[in-house]
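J.: return atomic coordinates for the entry below.
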Amino acid sequence: MRNVLFFVEGFTDIRFVTGLSQICNLTLCVPARQFAESGLDSRLAASGARVVVHQIPGGRPAFQIRSLQWLWKHAAAFDVIISQEVLRGSLNATVVGALRGVPVMTYMAISPVEYFRCRRERGQIGPLTALAFEAAIRGLMTVNGRLATRCIALGPYLTNIAAKYSARTRAGAYYGIDTDAFGPATPEERTALRVKRDLPVDRFVIFLASRVSHEKDPDTVLRATAIARARGLNAVLINLGGGYKEFLALAARLGLPDATDWVLGRPAAHPMTEVADYFRAADAVAQASLAEGLGLSPLEALSCGTPVVATAVGGMAVQLKGVARLTPRRDPAAMADEFMWIAAHPDEARAQALSGREMVLREWSRRQAFADLGRIIDEVCLAVRAKPVWRPDTTTD
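T.: Numbers count the residues shown, from 1 in each chain. Below you'll find the predicted structure:
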């Protein structure tokens, strides 16, 4: 098996780490704070995956310097480096890889410029800051695109964006969808799952699976649910995640009627052992975003045969067309209309979602995602490698 380093500059997903560990001898280099804060440390330990972990202490500037030093010393020990995203962390990886003759694959799962622009839209930064940082983001994408041996991008939408910066771009499916765990539930199973997860059995359950961040749009989902309730739909809205307290606070700030009765927030559920229950138990899954590279949560919902209502932006507009209920950006009334339609036409809604499951089985299964990634790793490793400038002794840490 290939010796692979997965280099992470921030947070990453246990599903990708465990899947990657099954196709290579994996070493993980991560920032120590995020590794602990995200719970990845405990989840990885519980998974039993064979992964060697190197933690880099310090904030962003310290991580940038220390991780560069670590890469410079250890890069030659690996057949290939996979670097998360295409910005500052990947700059360390691609520069060291070019100098050491070690192939580097960047993995792009978000659209950096579009996501950053959402900060300006929300008023979090001023116009001059926005211009300066966007120029820096584009510069990093350009340099990393030229230096990387391959850029893997999540889905067709991001592949088209990444290809503007790297001629060696390939499409990938990241961690894919576990179509066995995320499978359709019968009405009886849905009732049992609601009891198990302490969800109301006799109400229309809307599941908002996304985190609360600048590129997401929980405001629209909250307002849409309130509109649907005003029209007579006995709905509840639940959010899981590290930002669930922010979600509850947002509902309070919006002044929605009786919000404490129907807005639910809970800590993140384990994505491999628990979260599928919520997708399978829900009447609908909502995904509203200001920008979106793909949106794996809607695909997980479709794999369960659960109807999806999503904003027609970015990768969701491309990937979900015909299999989900797509609505205009920042349009709670349109989203409420779709909730009402699903409630009034449950059989048709689930039939549409099940057609989405067929698409997921065909294009997004977890098994296929990592089989394809393994082939790309082999392809990269077998390519002619540049002659290294200098290979240091890597026998000691």
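J.: let me know the average pLDDT across the longest helix along the chain.
T.: With DSSP state H applied, the helix covering the greatest number of residues in the chain is identified as helix 127-147. In this model, helix 127-147 has a mean pLDDT of 96.
J.: show me the contact partners of it.
T.: For helix 127-147, contacts defined as Cβ atoms under 8 Å, 6 or more residues apart in numbering pick out 86-88, 90-91, 94-95, 97-98, 104, 106, 112-113, 116-117, 119-120, 125, 151, 162, 165-166. Placement of C-beta: from N, CA and C, glycine included.
J.: how about stretch 117-126?
T.: Applying Cβ under 8 Å, 6+ apart, the set of residues contacting stretch 117-126 from outside is 127, 130, 133-134, 214-215, 290-291.
J.: and which of these is nearest Thr27?
T.: The shortest approach to Thr27 among those belongs to Glu215, at 30.3 Å (Cβ to Cβ).
J.: how far away is Phe7 from Trp262?
T.: 43 Å (Cβ to Cβ, to the nearest Å).
J.: neighbour-wise, which of these two wins?
T.: For Phe7 and Trp262, the more surrounded residue by other Cβ atoms under 10 Å is Phe7, and the numbers stand at 28 against 22.
J.: how about the contacts made by that one?
T.: Taking Cβ under 8 Å, 6+ apart as the contact definition, Phe7 lies against 29, 67, 71, 81-84, 89-90, 92-93.
J.: 6 Å instead?
T.: For Phe7, the residues meeting the contact criterion (Cβ atoms under 6 Å, 6 or more residues apart in numbering) are 29, 81, 83, 93.
J.: re earlier: mind listing what's buried along the longest helix of the chain?
T.: Applying a neighbour-count criterion of 16 or more other Cβ atoms under 10 Å, one finds 130, 133, 137, 140-141, 143-145, 147 buried in helix 127-147.
J.: repeat that for stretch 231-248.
T.: Neighbour-count burial for stretch 231-248 [16+ other Cβ under 10 Å]: 233, 235-241, 243-244, 246-248.
J.: just the ones of those in strands?
T.: Applying DSSP state E to those, the entries found in strands are 235-240.
J.: figure out how far the longest helix of the chain is from the centre of its chain.
T.: A distance of 22 Å separates the centroid of the chain from that of helix 127-147, by Cα atoms, centre = their mean, to the nearest Å.
J.: quick check: next helix or strand after that helix?
T.: Elements were assigned by DSSP states H and E; along the chain past helix 127-147, the next helix or strand is strand 150-154.
J.: how about Ile65, phi and psi?
T.: The main-chain torsion angles of Ile65 are listed as degrees, to the nearest 10 and equal phi -70, psi -50.
J.: what about the helices in the stretch 101-250 of the chain?
T.: Listed in chain order, the helices of the stretch 101-250 of the chain (DSSP state H, counting those that start in this stretch) span 112-121, 127-147, 155-162, 187-196, 218-230, 244-254.
J.: that older thread, which of the contacts of stretch 117-126 lies closest to Thr311?
T.: Nearest to Thr311 among these is Leu290, at 8.0 Å by Cβ to Cβ.
J.: can you count the residues close to that closest one?
T.: Leu290 has 23 neighbouring residues, counting by other Cβ under 10 Å.
J.: got it, and Phe339?
T.: 27.
J.: the inter-axis angle of the longest helix of the chain versus helix 155-162?
T.: Here helix 127-147 runs at 100 degrees with respect to helix 155-162, directions being taken by axes from the mean of the first three to the mean of the last three Cα atoms, to 10 degrees.
J.: still on that earlier bit, now, the contacts of Phe7 that are in strands?
T.: Of the positions in the contacts of Phe7, 29, 81, 83 sit in strands, assigned by DSSP E.
J.: quick one: the last one and Leu154, what's the gap?
T.: Counting by Cβ to Cβ, the separation of Ser83 from Leu154 is 14 Å.
J.: more neighbours, the two?
T.: Using other Cβ under 10 Å, the more surrounded residue of Ser83 and Leu154 is Ser83, with 29 against 24.
J.: any idea how far Asn144 is from Phe339?
T.: Distance of Phe339 to Asn144, computed by Cβ to Cβ: 41 Å.
J.: so who does Ala291 touch?
T.: 114-115, 118, 215, 314.
J.: out of these, which end up buried?
T.: Looking at these with 16+ other Cβ under 10 Å, the buried ones turn out to be 114-115, 118, 215, 314.
J.: and those residues, which two are the farthest apart?
T.: Farthest pair in those (Cβ to Cβ) is Cys118 and Gly314. Separation: 11.2 Å.
J.: for this protein, give me the ranges with low pLDDT.
T.: Within the chain, the ranges that satisfy pLDDT under 70 run 384-397.
J.: now with 80, please.
T.: Counting by pLDDT under 80, the chain contains low-confidence residues at 383-397.
J.: and the strands in the stretch 251-397 of the chain?
T.: Counting by DSSP state E, counting those that start in this stretch, the segments of the stretch 251-397 of the chain that form strands are 263-266, 284-287, 308-311, 325-327.
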